[in-house]
Every structure is written in C-alpha cells, then in structure tokens.
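J.: task: produce atomic coordinates for the following.
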Amino acid sequence: MIPIKNISIKNKFKIVIIFISGIILLLASVAFVINDTISYRRSMITDMFTLADLVGINSTAGLIFNNSHTTQQNIAALKANPHIILTHIFSKDGKIFASYFREGVNDDYSLHLETPIEESYWFYDNHVEIFKPIIYKGRMIGTVYIQSDLSELNARFFRASYIVIAVLFVSLVLAFLLASLLQKVITQPIYSLVNTMREVSKYKDYSIRVQKESNDELGDLIEGFNNMLMQIEIRDKDLNDAMDKLKKAQDELILSEKMAALGQLVAGIAHEINTPLGAIRSSVDSMTIVLDKYLEQLPGFFQSLSPTHLQNFFALLKQITHSDTTLSSKEKRKYRRALTRQLESYPIDDADSIADTLVDMGIYEDIEALLPLLKDPDSQRILNIAYQLTTLSRSTKTISTASNRAAKTVFALKNFARQDSSGEKVLSNITENIETVLTLYYNQLKHGVEVIKNYAELPEILCYRDELNQVWTNLLHNALQAMDYKGTLTIDVGMQDNQVFISFTDSGIGIPDNIKPKIFEPFFTTKAAGEGTGLGLDIVKKIIDKHEGTIAVESVPGRTTFRVCLPV
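T.: From the prediction side, this is the model:
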C-alpha cells in the first residue's frame, strides 16, 4: 500500500474531500436518526397517555360502582391496537381491578401498587410502560397501567438507517465525481509551478515564468515565484555582464607591463564575484529542493487544517518572517531552555524538540497564540512545513545579500578611491556575523585549522552589516593564507572603553617590521602574482574608517593579531 504522503496531490485532494464529506454526512445522518427516534418516542408517549385517558374515562363508572365485569369488557377493545401488550386498571387501594392481555401473552402477570403512582413512563429494552391516575371529582379513584411493545419504533429506526446508508453512498459517489472535476482548480497551478521549477533547475533558464490564473494564495505563490525568477534573472545578467567586462579589461591590461597589477586586481575581483554567484545558484537549488519536496503537500496540508489552525498557521509564518534568527549559540541555548519549560507547563508533548524547532525559526517568545497548533497531535509536521517555507524566505535573503555583495565589489572596483556613502546602518549582532563567515569557510578550516572562540556578551550595534562581513572575510582569508591553512586561529570579541573590539590572531609566519606600515596601502601585497590584488586590507581600512573605528596590527613570527575597534 502506497503511503498517503507519496500519493499524487490530486488524489490527496480527492481523499480529503471524500473523507470530510463522509464525516459530515455521517454526523448529520446520525443526528437525523437520533432526532427522529427521540421525536417518535415522544409522540408514542403522548399517544399512550391519550389512550390511557380514554381508558380511564371508560373505567370510571366501573370503579365507582365496583363493577369489574363492565370495566373488563370496556378495556377488551384495546385488542384493536396490536402493539398493546397488556393493560391493568388498579383500584385506589392498588389492587388489580381489571386487566387486558394481548393474545399469546401470559395472563398470570400480577402487579400490586403499594402506594399511588403519579403520571409517569419508563422505556425498557423491548417495551414501554406508563401509569396514569384516574381522577373523578378531584380525587383519585384508580390507576391505568399500559404496556406497549417497541416494534414500530424499531422498524422506524431500521428504515431510517437504510435511508441514511443509501444517501451516504450516493453522496460519496457524487463527492468523488465533483472532486475529480474541481481538483484541477487547485492542482493545475501547482503542477504548472512544479514543472516550471524543474525546468529552471535543469536548464538554469531564469526567463521562464509560470502563468498566474487566480488571485488566491496559490496565485500569490506563483506571483512571488515569478518575481523571484525575475530578480535572479536580472542579477544573473548583471553579474555575467560584469564578469564579461572584467575579463575583457583583464585581457587588455595584461598587454601592458605597466598595468599588470591592475590585471591581477581584476582577476581577484572576478573570483570574488564568482563566490556570491555560486551562493545564488546554491540558494536556488535549495529552494528548488524545498519546493520539489513540499509544494505538492501544501494543498493537502492546508485542507487538513481546521479554519482556526489555518489562521494560526499563517500567523506563525508571519511571525517567523519578522523574527530575528541571528542569535548567538548561547542565546539559542538560553531561549531553548526557557521555551522548553514554558511548553512543558501547558503541558505539550515532545517539548524539547518543539522548542528546538521554534528557536531555529526565530520564535522564542509570545507563543501563547501558537498553543492550539503546538497542542495539535500533528504539531511536528505543522512546524516542519512552516520551517521549510521559511527556508524559501531565507534563501531569497541569501540571494539578495550575495547579489548586493557582488554589486558592491564591482562598485568598489570603480570607486575604490572614494568612500561608499550608499545604504543605511542597521542593528546587527557582530558575533553572529563572524559565525556566518566561519560557516562559509568551513571547508578551508576543517582540514587543519583549530578555531578558538572567546565571545563576550555584546549589544547589537548600528553598522553597515554587509561591509563589516567583508572585513571579517578578508581578515579570516589573510589569516588562513598566512598559516598555509594549518595552525590555530583565535577570535576574541568583547567590550572595552565603550567600544566593541574584535581581534583575529593566527599562528602564521608573521609580518616583517619593515612592511607593516605598507599593508593598508592599495595594491600593496607580499603574495605571489595572481594570489592577491593588494586591495583587501585597503578596503578593510576604508570600511572601518567609515564606521569611525580603528584597526591595528601586532605581529611576531608565529603570532599575528589584527584588532578592530568599533564605537557602540
């Protein structure tokens, strides 16, 4: 049997509609049968009390004159009602005065009323019985007791059940036929999106677009996907044009010995442009994987959520979009522990795992609105879908960051002699940004470099985050090259004199005293031809100056430290 998660989305849609329709029809049918049974029971009791009134009226004279024979003849007329099992007329002292037994019923049935019984009735497994006092001139002179079978009630119940089964069967067939016709409204745009996604992934053609056919959430998803492709296409074209221009300039500059250094600069910048271009393609591949794996599940997933859960789910996505995921490892552990305790207090099962997922998505406070989702038995799947959808958002941010980085690199190539005044400062976590750079250099670090991190708690500072990331990248790259990718790298982050200080200390060969004053000059380099542009530390110094900070270097063989100080 194929697991439901592997069934095509159109079949999932049919299953969901048929299942929901069946449940609703079943509940409605059960309610109908129950209501009909209750209504008929009430009607039956009313008819029996009416019959008891007539029997009481006809028995009044016999009771008054103590003529049981006449009373016996009167109640014998009850044989016209085949459902009456037996009837007793009790005198006021509780003794049987007259009786009627349906044919085939044992007539030795005896009953004695010790005390007068008020008007009442009782239902049993196979019969119902009532007691009705006989009142004459304001005083009770006897009691009517009638016992009736439930054959008509049972027959009515079975007839209703057969009707319900027939209606349920016909309704499910109609639901299946309608689902087969209507599922195209939802599945067709999804299949179009999936097919386009596969073509983009296979041929790397970002000019392809998906046709938008509606203005609902699927239409918004398609529009967002098309906008993303358009931005990628524009950035890809700009980067390719820049690469072509840089390569052309490099070919021309190599012809002149005088411009050899600038030729190396172009080669280095071309390499730096290839890096964000690779990040863009990697992000697109990540988005493709997420869409390929989860997109077909979304309609069935949304159908499985109640209206309240669906509203809470979109609120969760909105909260994730505006959340801050740039937390330090220590902050994550702190929030994870606090969130775990909070979840366990409600209580919520698997609190550790849920807390871990929420913190990874940037949700670590104000979770009261999410409790209905978190208490759902399928909360892990709901959170996983939300996590995967946020991956798309993060990938677009990565694409934007990488494109901006490449664009700023090209801009710096043209304008390295003047300060870049574009953009605005934003609050940023320095430690988290350094961790991001370390992650990018993981492959270079893992084969022989020991990284020692001494991070102090820091406030967020206003800065040009992307440009500072370029600073950490250059300092880290220079340290790795100085150590020949083998040794110890120590990173210290802390506060001193109302300033944030960041230092990178490597165990490389060191910087000779005679060239220390030159290392921040443009085009100065001690590396072999083709290995450096000579602009790295010059760009670093300009960025630090732009932040009104300082950068200093201390070096001896086996220990070189670059120390950056930034105002808070």
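J.: any idea which residue sits dead centre in the chain?
T.: Central residue of the chain (CA atoms, centre = their mean): Ala386, 3.3 Å from the mean position.
J.: quick one: that one from Glu368, how far?
T.: Distance of Ala386 to Glu368, computed by CB to CB, to the nearest Å: 17 Å. Quick note: C-beta positions are derived from backbone N, CA and C, even for glycine.
J.: okay, and the helix or strand of this protein with the least pLDDT?
T.: None of the helices or strands of the chain scores lower by mean pLDDT, DSSP states H and E than helix 260-294, at a mean of 59.
J.: next one: phi and psi at Thr196?
T.: The phi/psi pair for Thr196 (degrees, to the nearest 10) reads phi -60, psi -40.
J.: and the residue nearest to it when sequence neighbours are not counted, which of the three is it?
T.: The shortest distance from Thr196 to any non-neighbouring residue, by CB to CB, 6 or more residues apart in numbering, is to Val210 (4.6 Å). Secondary structure, DSSP: H, G, I helix; E, B strand; the rest coil: Val210 is coil.
J.: how about Val210, what does it touch?
T.: Val210 is in contact with 189, 192-193, 196, 222, 225-226, counting by CB atoms under 8 Å, 6 or more residues apart in numbering.
J.: same thing but 7 Å
T.: Residues in contact with Val210 (CB atoms under 7 Å, 6 or more residues apart in numbering) are 192-193, 196, 222, 225-226.
J.: just for the stretch 201-350 of the chain, where's the confidence low?
T.: Scanning the stretch 201-350 of the chain for pLDDT under 70 picks out the ranges 214, 218, 246-276, 279, 290, 293-295, 298, 301-302, 323-326.
J.: pretty sure the residue nearest to the centre of the chain contacts Ala315?
T.: No. Ala386 lies out of contact with Ala315 (CB atoms under 7 Å); the separation is 10.5 Å.
J.: can you give me the strands for the stretch 101-250 of the chain?
T.: 120-123, 127-136, 139-149 (DSSP state E, counting those that start in this stretch).
J.: give me whichever of these is most buried.
T.: Ranked by mean neighbour count, the strands of the stretch 101-250 of the chain are led by strand 139-149 with a mean of 20 (mean count of other CB atoms under 10 Å).
J.: what sits up against it?
T.: Contacts of strand 139-149 (CB under 7 Å, 6+ apart): 48, 51-52, 55-56, 59-60, 63-64, 83-92, 97, 113, 116-117, 126-134.
J.: so which of those sit within helices?
T.: 48, 51-52, 55-56, 59-60, 63-64 (DSSP state H).
J.: okay, the residues you listed in CSV with distance to Met287 next?
T.: As requested, those are exported to CSV (distance: CB to CB, whole Å):
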residue, distance to Met287
Met48, 73
Leu51, 78
Ala52, 79
Val55, 83
Gly56, 84
Ser59, 89
Thr60, 91
Leu63, 92
Ile64, 96
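J.: where in the stretch 1-150 of the chain is pLDDT low?
T.: Across the stretch 1-150 of the chain, the ranges flagged by pLDDT under 70 are 1-7, 9-10, 107-116.
J.: hmm, try it at 80
T.: Flagging of the stretch 1-150 of the chain using pLDDT under 80 yields the residue ranges 1-18, 104-117.
J.: count the residues that sit near Val194.
T.: Per other CB atoms under 10 Å, the neighbour tally for Val194 reads 17.
J.: distance of it from Gln211?
T.: Counting by CB to CB - Val194 and Gln211 are separated by 14 Å.
J.: residues touching Ser171, list them.
T.: Residues near Ser171 by CB under 7 Å, 6+ apart: 21, 25.
J.: show the buried residues in the contacts of strand 139-149.
T.: For the contacts of strand 139-149, a burial check counting by 16 or more other CB atoms under 10 Å picks out 48, 51-52, 55-56, 59-60, 63, 83-92, 97, 113, 128-134.
J.: re earlier: and the residue nearest to the centre of the chain, what pLDDT?
T.: What the model reports for Ala386 is a pLDDT of 72.
J.: C-terminal to the helix or strand hosting it, what's the next element?
T.: Using DSSP states H and E, Ala386 sits within helix 379-415. Remark: after helix 379-415, the chain's next helix or strand is strand 426-428, criterion DSSP H and E.
J.: now for the next helix or strand after that following strand, which elements pack on it?
T.: Sequence-wise, the next helix or strand downstream of strand 426-428 (DSSP H and E) is helix 430-440. Packing partners of helix 430-440 (3 or more CB pairs under 7 Å, 6 or more residues apart in numbering; DSSP states H and E): helix 465-483, strand 487-496.
J.: give me the contacts around helix 430-440.
T.: Contacting residues not belonging to helix 430-440 are listed as 326-328, 445, 451, 455, 458, 461, 465, 468-469, 472-473, 476, 491, 493, 500, 502 [CB under 7 Å, 6+ apart].
J.: ok, of these, which come out buried?
T.: The neighbour-count test (16+ other CB under 10 Å) marks 326-328, 445, 455, 458, 461, 465, 468-469, 472-473, 476, 491, 493, 500, 502 as buried among those.
J.: now the strands for the stretch 451-568 of the chain?
T.: Using DSSP E, counting those that start in this stretch, strands in the stretch 451-568 of the chain cover 461-463, 487-496, 499-506, 550-556, 559-567.
J.: buried deepest among these, which one?
T.: Stretch with highest mean neighbour count among the strands of the stretch 451-568 of the chain: strand 499-506 (a mean of 20; mean count of other CB under 10 Å).
J.: what angle do that one and strand 550-556 make?
T.: 30 degrees (axes from the mean of the first three to the mean of the last three CA atoms, to 10 degrees).
J.: run the chain-centre distance for strand 499-506.
T.: Distance of strand 499-506 from the chain centroid (CA atoms, centre = their mean, to the nearest Å) equals 40 Å.
J.: who does the nearest residue to Val449 once chain neighbours are set aside bridge with?
T.: Spatial nearest neighbour of Val449, excluding adjacent residues (CB to CB, 6+ apart): Leu489 at 5.7 Å. Beta-bridge partners for Leu489, by DSSP bridges, are Val451, Asp506.
J.: likewise Thr550?
T.: Cys565.
J.: okay, it and Val540: tell me how far apart.
T.: Thr550 sits 12 Å away from Val540, going by CB to CB.
J.: thinking again about what came up before, format the helices and strands packed on helix 430-440 as JSON lines; extra columns: distance to Gly300 and mean pLDDT.
T.: Shown next, in JSON lines, are these (distance: least, CB to CB, whole Å; pLDDT from 0 to 100):
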{"stretch": "helix 465-483", "distance to Gly300": "40", "mean pLDDT": "88"}
{"stretch": "strand 487-496", "distance to Gly300": "47", "mean pLDDT": "94"}
